[in-house]
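In: fold the stuff below for me.
(chains A and B)
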Amino acid sequence: MANMIGTPVKRKEDPRLLTGNGMFTDDMKLPGMLHAAFLRSPFAHAKIVRIDTETAKQYPGVIAVFTGADLIGKVKPVPTMWYVPGADLKAKDRSPLALEKVLYAGEAVAVVVAEDRYIARDALELISVDYEELPAVTHQEKALQEGAPLVHDDVPQNLALLWKAGEVPDEAFEQAEVVVRQRLYNQRVIPNPMETRAAVAQFNPGSGEMTIWCTSQNPHIHRMIYSGVLGIPESKLRIVAPDVGGGFGAKIATYTEEAVVGHAARELRRPVKWVEERREHFMATTHARDEVIEVELAGKKDGTFTALRVKNTANLGAYLSTFGGGCPTIDFGLMITGAYHIPQAAVVTYGVYTNTTPTDAYRGAGKPEATFQIERIVDLFARKVGMDPLEVRRKNLIPKESFPYTTAMGLLYDSGNYELTLEKALEAVDYEALRKEQEELRAQGKLIGIGFSTYVELCGFGPSKVAGAIGFQGGVWENSTVRVHPTGKVTVYTGTSPHGQGTATSFAQIVSDKLGVPIEDIELVHGDTQSISMGWGTYGSRTTAVGGAAVAIAADRVVAKAKRIAAHELEVATEDIDFAGGVFSVKGVPGREKTFQEIARSANFAWNLPDDVEPSLEAQSFFDPSNFVYPFGAHICVVEVDKDTGEVALRKYVAVDDVGKVINPLLAEGQVHGGVVQGIGQALWEGAVYSENGQLLSGTFMDYTMPKARFFPRVEWHFTETPSPVNPLGAKGIGETGTTAAPPAVVNAVMDALQPFGVDDLDMPLTPEKVWKAMQNRREGI
Amino acid sequence: MKIAYTHHFGLPLDAVWKGIQDEEVLKKAIPGCQAFSQVEENVYHAEMGISVGPVKGMFTGQVRQADQEEPFFYRLFVKGKGAPGEIDAVAEMKLEEEDTGVKLTCTAEVQVTGVLASVGQRVMGGVAKLVIGQFFKTAEKEMGQMFSHS
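Out: Model (predicted):
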């Protein structure tokens, strides 16, 4: 059982999930349960003149209809939770249902609660709302212009925040040998987990206790916020995230619907369920990215970088979502220099309100955008100085001797060996042969392109004192209890909240190695605020690096206590006890031993314990890391562009990632695979489209291209292991590396393919139409 | 969204001009029309069922005729509201005499919201043409009957 860490163990979760025995929020059935449906605004910006709910209330099976006015004083507005410091943040709390105005298409204006979900939906059609349409603004740059419609009357210029970090004197650019400038657009994307959002609420009028089962990535954060919103003390509010079918960040945010469902259950004294429809999800759940990024890189003719200056104009949507303010500022801005040694750097972010769905974290949250701009500008720099993008990278990557490395933005990169991942990736694609082939094929009129992304990512949120300094309204330490039952079976509790990552398996591997207990004997409990005292959830690739570390430390404490009990029973000093493979033995005396299970029984029965040892065998750990962790890697994408249709075909994709110590290679590969295809999705197909007046035109899977398995070649992955010194596992984070690395690798590859046409940049997604037009324009130009 | 449609009527110009603005003709010709009544001069209340691809629902609204330049031009303002969203349209109707009758050109600017926009937008152009075509065909039939009776 030793060395489970690093072993490709199959997911413990799968037999249950694959045989239909999962328990998702929509599987919850409670006696007397009612069903809620939300009426949503058809306008992006309008005054609500009148709402008539009478006909809906009369409809057979309808129990209640609430509007915003009905909830005043009962459900408080939902606040944002990331008060970015020094940014003159103009936060706008969200009223649970719209009051005087609606600010984006899809904002909830009323809720129907009925005997079943079909009645609830039918009754929505009987609510009559008179709107007075107002001019809307959907683009962040237009929203900043003078005379633009104001989303919030008291936020001039729609400027929600203005944040700056770092400084670069103008001379650094004026006197530079080479300066490249590019305006990039990291388009708006819509996270689409398999399971949409859902909530079930139950209220006990006797005790005043409420339970909300919901699709959450961080139940304790939701408990903290909904407690204030609903006016129920945290001690009487239980949030449970049962099985959750993916989130990708969209289930971090605290939304209004779950609070409204909770209130309905309290008011009606019956359980209430709400399940978001996919069409609803497209408008009601947070979107992401949507940043106009203007980047300037200065350097020398020999390819050395000297200074970087970045301006980000970010579309925050109609409200500041839970962590919406942090993504384009802290998460993005501090990572702008990427994996390169750039002595000077500065960033400014304009966060802008528009009449669109609010944006928030999505797999990478700011880091994909940061990586995109630096990896793109590095390629453009290489073009300008006439060097291979590979050589420019080799010249500027932070060398392995420099770690720990302090960046121009003040971050301390924990550990790294960037060249190693790059060399391994080059080897995997046989770079020299590939360049030769590219040239030959070009001569035949075929367009092959090779794109690099040598990225670094900020993960493992993180030290709590840093969270405080950057205005994050919460801690980011983690909590674990390892509880050993009398038979030696183990229950592990974690404050992280996995929702598809396979953490029940990876954490069991950690505990199995520590305790010498088979992983079948180890169960993980997560996602329930009643079972777990506190925790901060799953996001920012923190589950293993922070939550897993807490598990490892708690398991070590269990072993320490068990050793004392074993020593007592074996009548030797604790120092004379060896523990390996689940067996306590006396050093140098073969055969004198006790199994872990025997000690578990002794500890729990407590018939014969040392005087200073308390009964039972369990330990807790609250782990707050000293720093973030910084996974890194090199991705190489090879594409072929069809000259006649503009279609981009993926020929090869190689990902070499270093995420520190890998706990389970199968899970790690799954994360890379999923992340890469999601990142390629943004590069080639995905994109939210709004009409001028704020209608979401890409509101279904007919119009929003969700990548399918058949779109992809086999992604090839390799790992190198550079342990992190920040946590006892040496682990970094892996969940977001793919979405961070892939988009620029793909775009760089396509731009490389289009080099004969002199095309330097195209906005994602690189649809055949866009690529074809770019080639066509150039042809016409000639 | 812009929609343009042309229909050729095999009827004299004054018959088309009168017929196309006649309450009875409109009531019968508007596809899915459930109710149509005059509210005041040139303003009508209408209820109609609309089906755009996967989007179906009843719409209640107002139709207003304005800016008449008899017998060659008028504007039609349509404002409708229903469960799938709201419709706000302005149509310019241009009539020209031809050898065989009348050519009517309808140029409309249509704004939609809600599900109609997010789901219906892509198929709306096609559906709109179908609906308008149906309207003119039925209207011509009705007008023909009216014309032969008068």
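In: the residue lying farthest from the centre of chain B in helix, strand or coil?
Out: Residue farthest from the centre of chain B, counting by C-alpha atoms, centre = their mean, is B:D99 at 24.5 Å. Under DSSP: H, G, I helix; E, B strand; the rest coil, the three-state class of B:D99 is coil.
In: report the distance from the longest helix seen in chain B to the chain centre.
Out: Counting residues, the longest helix in chain B under DSSP state H turns out to be helix B:121-149. Counting by C-alpha atoms, centre = their mean, to the nearest Å, helix B:121-149 is centred 7 Å from the centre of its parent chain.
In: just checking that helix against chain A, any contact.
Out: Yes: Helix B:121-149 is in contact with chain A by C-beta under 8 Å from any C-beta of the partner chain, via B:Q121, B:R122. Backbone N, C-alpha and C define where each C-beta goes, glycine included.
In: what comes up buried for that helix?
Out: Neighbour-count burial for helix B:121-149, counted by 16 or more other C-beta atoms under 10 Å in any protein chain shown, picks out B:121, B:124, B:128, B:131-132, B:135-136, B:139-140, B:142-143, B:146-147.
In: what does stretch A:53-70 give?
Out: Applying a neighbour-count criterion of 16+ other C-beta under 10 Å, one finds A:T53, A:A56, A:Y59, A:V62, A:I63, A:A64, A:V65, A:F66, A:T67, A:G68, A:D70 buried in stretch A:53-70.
In: mind listing the helices for chain B?
Out: In chain B, the helices defined using DSSP H lie at B:13-19, B:23-29, B:114-115, B:121-149.
In: packing partners of the last one?
Out: Read that as helix B:121-149. strand B:2-9, helix B:13-19, helix B:23-29, strand B:43-52, strand B:102-112 (3 or more C-beta pairs under 8 Å, 6 or more residues apart in numbering or on different chains; DSSP states H and E).
In: around A:P399, how many other residues sit close by?
Out: The number of residues packed near A:P399 is 13, by other C-beta atoms under 10 Å in any protein chain shown.
In: where does the chain dip in pLDDT?
Out: No chain was given, so I picked chain A. Along chain A, segments meeting pLDDT under 70 span A:1-2, A:779-782.
In: think we crossed wires, I meant chain B
Out: Scanning chain B for pLDDT under 70 picks out the ranges B:149-150.
In: and the longest strand along it, what's buried?
Out: In chain B, with assignment by DSSP state E, the single longest strand is strand B:55-69. Judged by neighbour count using 16+ other C-beta under 10 Å, the buried positions of strand B:55-69 are B:V55, B:G57, B:M58, B:F59, B:G61, B:V63, B:R64, B:Q65.
In: for chain A, what lies in contact range of chain B?
Out: Near chain B, when you scan chain A using C-beta under 8 Å from any C-beta, you find A:40, A:42-43, A:105, A:124-125, A:131, A:279, A:282-283, A:691, A:693, A:695-700, A:702-703.
In: one more time with 6 Å, if that's ok
Out: Taking C-beta under 6 Å from any C-beta of the partner chain, the part of chain A that reaches chain B is made up of A:P42, A:F43, A:E125, A:Q695, A:L696, A:L697, A:G699, A:T700.
In: same list (those residues) but as CSV, adding distance to A:G303.
Out: CSV is the format used below for the residues of chain A next to chain B (distance: C-beta to C-beta, whole Å):
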residue, distance to A:G303
A:P42, 54
A:F43, 52
A:E125, 64
A:Q695, 47
A:L696, 44
A:L697, 43
A:G699, 46
A:T700, 47
